[in-house]
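Colleague: Dropping the sequence and predicted coords here.
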Amino acid sequence: MKKNHGLKNYTFIVIVFAISIIVIGISASYSFFTINFDGSKTVPENQAPQFKVTSTLETASAIDAAQLALINGANYKTEAEKVNFSVTNSTESQVKAKYTISLEEMSISKNLVSKYFKWALVVNDGAEGNRVFTGDFTDSSISSEGNNDTTLVTGLSKVLIDDDNALLLDIGKTDSLTFYIWLENDDSVDQLYLTNGNFSGKLSMNAIPTD
């Protein structure tokens, strides 16, 4: 942010900000899922196998930040607001799981439809095979960059992990995930238009069985 506004040294971004945590997409019925398990003694041929995926999203603490500071994007793991949760494919399952993550029931004010409003989803941080998904909240159909209009747009959704990048979870395995969200500082830009914005959304996990 440009220093001539005298706001560089303290938190000034006042945002009504809450991430509500809820599991939306785990289906209870798999009547359309059939597969031939040749040689299997536990799952009859052409019968839907048992499938049980759970997540701690239902009990995870929600992000609730009345003030969100501009940070250096390289430091998001230590400075950004975050939610930790896990996804487990139970030992009771008889098939692997494939799952995606999205933000549902999302509301955002037009001034926060910005490349500086960013998110990251880190899967199994520090472990072998860890994955990192990142993005921002730009959307040319809603608003252009630099708009200081705080009008709220509701009923939106954003895919964080899409079908093409769905995560595979073996029987009895657990993935640990952290969702980060932050406003990224840019010293070359006047970012005052990001003030007094409003954002909310619900994290959603959708899991399906796979062989």
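Modeller: That came through, no problem.
Colleague: What is the subsequent helix or strand relative to the helix or strand of the chain with the lowest mean pLDDT?
Modeller: Taking mean pLDDT, DSSP states H and E as the measure, the chain has strand 25-26 as its least confident helix or strand, at a mean of 36. Elements were assigned by DSSP states H and E; along the chain past strand 25-26, the next helix or strand is strand 53-55.
Colleague: Give the other helices and strands that that next one contacts.
Modeller: strand 81-89 (3 or more Cβ pairs under 8 Å, 6 or more residues apart in numbering; DSSP states H and E). Yep, even glycine has a C-beta here, placed from its N, CA and C like the rest.
Colleague: Remind me what the strand it packs on packs against, helices and strands.
Modeller: Using 3+ Cβ pairs under 8 Å, 6+ apart as the test, strand 81-89 ends up in contact with strand 14-21, strand 53-55, strand 63-67, strand 96-109, strand 167-169, strand 174-184, strand 198-210.
Colleague: residues of the fourth one that come out buried?
Modeller: This points to strand 96-109. 97-104, 106, 108-109 (16 or more other Cβ atoms under 10 Å).
Colleague: what does stretch 199-210 give?
Modeller: 199-209.
Colleague: quick check: mean pLDDT across it?
Modeller: For stretch 199-210, the mean per-residue pLDDT is 86.
Colleague: just checking, residue 51 touches residue 93?
Modeller: Yes. Counting by Cβ atoms under 8 Å, residue 51 does reach residue 93; the two are 5.2 Å apart.
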